[in-house]
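> 3D model of this:
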Amino acid sequence: MTMPSPPGGVRLVSPQGRWVLLTAVLGSGMAMLDSTVVNVALPRIGADLHADLGVLQWTITAYMLTLASLILLGGALGDRFGRRRVFLVGVVWFAVASLLCGLAPTPGVLIAARALQGIGGALLTPGSLALIQSVFRPDDRARAVGAWSGLGGVATAIGPFVGGWLVDGAGWRWVFFLNVPLALVCVPVALRYVPETRERAAARGGFDVAGAVLGALALGGVTYALIAAPERGLSAGVVVPGVAGLLLGAAFVVVERRRADPMLPPELFAIRQFSAVNAVTVCVYAAFSGFFFLAVVQLQVVAGYSALAAGTALLPTTVLMLLLSARSGELGQRIGPRIPLTVGPLLCAVGMLLMTRVGAGASYVVDVLPALVVLGAGMVTLVAPLTATVLASVDVDRAGLASGINNAAARAAGLVAIAALPLLAGMGPQAYRSADAFGVAFRRAMPWCAGVLLVGAVIACVAVRTVPGVPEEQEEAGAPEAVAAPEAVGAVEAAGGAGAVHERARHGAPCHPECTYHCGVGAPPLDPGDVEAGRPSGAGAPPGPGAPSGPGAEAGGPERPGPEGDRGA
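The predicted structure is shown next:
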């Protein structure tokens, strides 16, 4: 029997509050760990399954494909049918798919299981933070989000180390088996301590299933063509899926324009700031995903690192993010987003170019560490302001939706980058088996990543406005900026969620660090993935990661069933 929720919500300091927090951390931690440990295992997976580079690409992209396509739909399902229920379905689904990944006897089975794993991630990821936003009392939400974000950051930070340790020890299959015990703890705790919540307004809307399916097929067709092209060339088996993907992408745009409740509302992209920041997001996270996909292979195949050493080698970027991103978010609030979003990608580009010095017998201190420190400094500079600017570019009622779209854009960009970068760098199907061949291709790939980052910096410099925190619609309407008393700002903070971040920005107060630093869009090394929340009332889709956004105090409020409703869930 589920413990009922006290009137007004659960207190963080209560025993039930701690169990609810543990549930959210365990659920999101599964996805965060998975996002960092799998890359480290790729060379061993390829060797054990006798797989070529295309299989390694699909091992990553199959998961990203279903996750990116369905994550907005997953949040909407939670709003309609109950956040705890859909979250638990996602946890169980993710664990079973992880078990299938670990048992996979062939590359085809592994890729299929990874696609199933992405579906589970699309169900559990939006729900992890939505549980916090909907269950805790308003004045406890900011602290709960901070604790959730910090513990999630620890899980992400130790991911490469744990992945390398498992690969060098028990074997790569345990990278996937690791999710099973986490789920075995998460499910009974959630059933016992987490009350069910749902959005009453969500029951009146529909689900954009057509949009989700078209988006998945479009991404799948383009991805298949890019991955197959190095081996098959411009054959019909490559051209037909690629063209079909592009046509399905056009059909997706048409459907979204005509639907009354699209998961990707076209009118949001009429907001200049929102469109500009999402364009920067696409450039930045395409480069990040391509870099981290290739860097761990470069360190193992070319530099001769063990899996554990390669995973540990990448930790400086994560450590810098955890230590300094809160201050970066505050700086972005003071000086506006244009400078951080211009300088950050440029620093990241320099860091990636410095990685071209890493070859056979490379010194970690002389060759690897300086590149990662510069890269980490760039990530610190841009990630928190990027997240906060996405939320502040739209009205508070649509901040959660804006965050979700930004997350989906980042994942889709990473998906295409991992598929396209080996083709652009001239990597053959067997390139990762030869240190010389892979080293040459890696040195070709890094300038491509740096060039994409340069494009992102130019977009930010030209198109991102310097005025921090005021939605474009309000600025153009000439709405006066109220100067709130500290009590008013505190009341806004108590509401929690994206609205709190947005309102603090409007009143000139910095966002909560815990609401901005946790790598808002789920790209390596901080993945949120996976920092997502449920959508606000009437938004039509769930928020994604970014600053912890979501329905902190949704219009109409969440439905909080009593004990009978909990048992029914």
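> Now do the strands in this structure.
Per DSSP state E, the chain carries strands over the ranges 198-199, 558-559.
> what's the least confident stretch among those strands?
Across the strands of the chain, strand 558-559 has the smallest mean pLDDT, namely a mean of 40.
> Where does the prediction get shaky in the stretch 201-350 of the chain?
For the stretch 201-350 of the chain, the stretches flagged by pLDDT under 70 are 201-206.
> same question, the chain
Ranges of the chain meeting pLDDT under 70: 1-2, 4-8, 142, 146, 149-150, 153, 199-206, 396-400, 467-569.
> Select the longest helix from it.
Ranked by residue count, the top helix of the chain under DSSP state H comes out as helix 15-49.
> list the buried ones in it?
Residues 16-46, 49 are the ones in helix 15-49 that count as buried (16 or more other Cβ atoms under 10 Å). Yep, even glycine has a C-beta here, placed from its N, CA and C like the rest.
> swap in stretch 160-170?
Within stretch 160-170, the residues that count as buried by 16+ other Cβ under 10 Å are 160-168.
> residues in contact with that stretch?
Here stretch 160-170 makes contact (Cβ atoms under 8 Å, 6 or more residues apart in numbering) with 33, 36-41, 44, 172, 174-175, 178, 296, 306-312, 314-315, 318, 525.
> can you tell me which residues contact Phe442?
So Phe442 contacts 294, 298, 302, 355-356, 425 (Cβ under 8 Å, 6+ apart).
> I'd like those residues as CSV, with neighbour count appended.
Compiled in CSV, those are given as follows (neighbours: other Cβ atoms under 10 Å):
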residue, neighbour count
Leu294, 26
Gln298, 27
Val302, 23
Met355, 26
Thr356, 18
Ala425, 22
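> what's the closest of those residues to Pro447?
Comparing these against Pro447 with Cβ to Cβ places Thr356 closest, at 7.9 Å.
> just checking, the closest one touches Trp448?
No - look at Thr356 against Trp448 with Cβ atoms under 8 Å: they stay out of range, at 11.5 Å.
> Just the C-alphas of stretch 440-453, formatted as CSV.
Taking Å, rounded to 0.1, in the frame of the first residue of the first chain, the C-alpha atoms of stretch 440-453 are listed here in CSV:
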residue,chain,number,x,y,z
VAL,A,440,44.4,9.6,-38.7
ALA,A,441,40.6,9.7,-38.8
PHE,A,442,40.4,11.1,-35.3
ARG,A,443,42.7,14.0,-36.3
ARG,A,444,40.4,14.7,-39.2
ALA,A,445,37.2,14.5,-37.1
MET,A,446,38.3,17.0,-34.4
PRO,A,447,38.4,20.0,-36.9
TRP,A,448,34.9,19.1,-38.0
CYS,A,449,33.7,19.3,-34.3
ALA,A,450,35.6,22.5,-33.8
GLY,A,451,34.0,24.0,-37.0
VAL,A,452,30.5,23.1,-35.8
LEU,A,453,31.3,24.8,-32.5
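> Name the residues of that stretch that are buried.
By neighbour count on 16+ other Cβ under 10 Å, the buried set for stretch 440-453 is 440-450, 452-453.
> Can you give me the end-to-end span of stretch 329-349?
Terminal residues of stretch 329-349 lie 21 Å apart, using Cα to Cα, to the nearest Å.
> Skipping adjacent residues, who's closest to Trp93 in space?
Ranked by Cβ to Cβ, 6 or more residues apart in numbering and with sequence neighbours excluded, the top spatial neighbour of Trp93 is Gly120, at 3.4 Å.
> Pull the contacting residues for that neighbour.
Applying Cβ under 8 Å, 6+ apart, the residues near Gly120 are 90-97.
> change it to 6 Å
90, 93-94, 97 (Cβ atoms under 6 Å, 6 or more residues apart in numbering).
> Out of these, grab the one that's most surrounded.
Counting by other Cβ atoms under 10 Å, Phe94 has the largest number of neighbours within the contacts of Gly120, with 29 neighbours.
> Hmm, Ser69 is touching Leu214, no?
No - using Cβ atoms under 6 Å, Ser69 is not in contact with Leu214, being 9.0 Å away.
> Among those two, which residue is more densely surrounded?
Higher neighbour count among Ser69 and Leu214: Ser69, with 26 against 21, using other Cβ under 10 Å.
> Just give the closest residue to the more buried one, not the sequence neighbours.
Closest residue to Ser69 apart from its sequence neighbours, by Cβ to Cβ, 6+ apart: Ala216 at 3.6 Å.
> gap between that neighbour and Gln57?
17 Å (Cβ to Cβ, to the nearest Å).
> More neighbours: those two, which one.
Comparing Ala216 with Gln57 by other Cβ under 10 Å, the one with more neighbours is Gln57, at 26 against 20.
> Quick one: residues contacting that one.
Neighbour list for Gln57: 227, 418 [criterion: Cβ under 6 Å, 6+ apart].
> let's go with 7 Å and repeat that
Contact analysis of Gln57 by Cβ atoms under 7 Å, 6 or more residues apart in numbering lists 227, 418-419, 422.
> go on, Leu314?
Counting by Cβ under 7 Å, 6+ apart, Leu314 touches 160, 295-296, 372, 525.
> Pipe those into JSON lines and attach distance to Ser393 per row.
Listed next are these as JSON lines, based on distance: Cβ to Cβ, whole Å:
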{"residue": "Pro160", "distance to Ser393": "33"}
{"residue": "Ala295", "distance to Ser393": "32"}
{"residue": "Val296", "distance to Ser393": "34"}
{"residue": "Leu372", "distance to Ser393": "31"}
{"residue": "Pro525", "distance to Ser393": "26"}
